[in-house]
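K.L.:
what's the 3D shape of this:
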Amino acid sequence: MILIPGILSLSACSSVPPQDSFKLSESSLADRQLESRRFDTLDRDDLLGAGVGVLQDLGFTLDITNSELGILTASKELDATHAGQIAMAAGQVTVGVLLAILLQDISQLPGAVPAVDDEQKVRVCLVINQSLENTDASVVRITISRVIWNTRGQITQAQTLKEPELYEAFFDKLSKATFLQAHNI
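P.N.:
The predicted structure follows:
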């Protein structure tokens, strides 16, 4: 009797993944180019040190660093309130309050005060690898993502940020930091 459930549970683990599960999206090459820059050094410690400095200057807190693997993650919390959402919520609250007054019981009005975006956490992940094209260089790749919570503590958005200005600004600061570090300035 025990043998049959065991065999069934093993067969459930051997499901075949969908045929296109490892297919890259059409934007993956563009994303990689946006998120990556080549630096003419193999010194991971210098690159990581410069990355740490840039992220701390930008107000991020380090979450994880591993110089052996050439990886770091950092995050920071920001306000996510949006004036348009607050204005819409204020209009809804007015209608909600009027209904509550008419009903004379606000408990009869679930969601009378609508939730609006409140907090967000921005996370940066930085990875350093040796360049495949130039063995005397490293490639630094970052991804920037954020999660937004509303006033009820619910996640309203989770996304990878793709604004080129963010990546260009980070890599510009990283280039300057690595130059300063290389010249002990």
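
K.L.:
which stretch of helix or strand covers the residue nearest in space to the middle of the chain?
P.N.:
Closest residue to the average C-alpha location of the chain: Ser145 at 1.9 Å, with CA atoms, centre = their mean. Secondary structure from DSSP states H and E places Ser145 in strand 138-150.

K.L.:
For the next helix or strand after that strand, which helices and strands make contact with it?
P.N.:
Downstream of strand 138-150, the next assigned helix or strand under DSSP H and E is strand 155-160. For strand 155-160, the elements it packs on are strand 138-150, judged by 3 or more CB pairs under 8 Å, 6 or more residues apart in numbering; DSSP states H and E. For the C-beta atoms, the positions are set from N, CA and C on the backbone; glycine is no exception.

K.L.:
Quickly run through the sheet partners of the strand it packs on, with directions.
P.N.:
strand 36-39 (antiparallel), strand 117-130 (antiparallel), strand 155-160 (antiparallel) (DSSP bridges).

K.L.:
Give me the mean pLDDT for stretch 81-90.
P.N.:
Rounded to a whole number, the mean pLDDT of stretch 81-90 is 55.

K.L.:
hang on, I meant stretch 117-133
P.N.:
Averaged across stretch 117-133, the pLDDT comes to 92.

K.L.:
if we can go back for a sec, mind listing what's buried in the strand holding Ser145?
P.N.:
Going by neighbour count (16 or more other CB atoms under 10 Å), the buried part of strand 138-150 is Ser138, Val139, Val140, Arg141, Ile142, Thr143, Ile144, Arg146, Val147, Ile148, Trp149, Asn150.

K.L.:
Just the closest of those residues to Leu161, please.
P.N.:
Distance to Leu161 across those (CB to CB) is lowest for Ile144, with 4.5 Å.
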